[in-house]
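Student: Okay, predicted coordinates and the sequence, questions at the end:
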Amino acid sequence: MSLLSCVDSRALFLLVKLNGNREVVGVLRGFDAFMNMVLDDCQEVSKSGQQINIDTVVVRGNSVNIVEVLERF
C-alpha cells in the first residue's frame, strides 16, 4: 500500500517535526517527491503544550526533520 493511496482513501493524521524545534499536527492532503506537504486542519504545538490553530499549511520538504503517523489528534 502506498502513502498516496492512504491520502486518497482516508484522513492521514501526521505529526511533523520541523527545523527550529517546531511541531505541527494535521491531515495530509498532498505531498511531492521533495517531501513538500500540504496539511489541513493543522495545529502548531508549542513546547509548553499549547496548541495554535493554523488551518492549512504548506510545509517545505527541506525543513522536515521527522514525520510520524498518528491515529488521531
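Tutor: That came through fine.

Student: rest of the way, CA atoms for contacts and neighbours
Tutor: Fine.

Student: Tell me the first helix or strand C-terminal of the helix or strand bottoming out on mean pLDDT in the chain.
Tutor: Scoring the helices and strands of the chain by mean pLDDT, DSSP states H and E places helix 3-9 at the bottom, with a mean of 53. Downstream of helix 3-9, the next assigned helix or strand under DSSP states H and E is strand 13-18.

Student: ok, and what's touching the next helix or strand after that next one?
Tutor: As assigned by DSSP H and E, the chain's next helix or strand after strand 13-18 is strand 22-31. Contacts to strand 22-31, defined as CA atoms under 8 Å, 6 or more residues apart in numbering, come from residues 7, 11-18, 37-46, 73.

Student: now swap in stretch 63-71 and tell me
Tutor: By CA under 8 Å, 6+ apart, stretch 63-71 touches Leu12, Phe13, Leu14, Leu15, Val16, Lys17, Leu18, Asn19, Met35.

Student: Pick out the most distant pair among those.
Tutor: Leu12 and Asn19 (22.0 Å; CA to CA).

Student: neighbour count winner among the two?
Tutor: Leu12 (18 against 11; other CA atoms under 10 Å).

Student: show me the contacts for the more buried one.
Tutor: Neighbours of Leu12 in contact, by CA under 8 Å, 6+ apart: Cys6, Val27, Leu28, Val69, Leu70, Glu71.

Student: how far away is the fourth one from Gly26?
Tutor: Look at Val69 and Gly26: by CA to CA, to the nearest Å, they are 10 Å apart.

Student: Compare the two (neighbour count), which wins?
Tutor: Shown here are Val69 and Gly26; by other CA under 10 Å, Gly26 has more neighbours (26 against 13).
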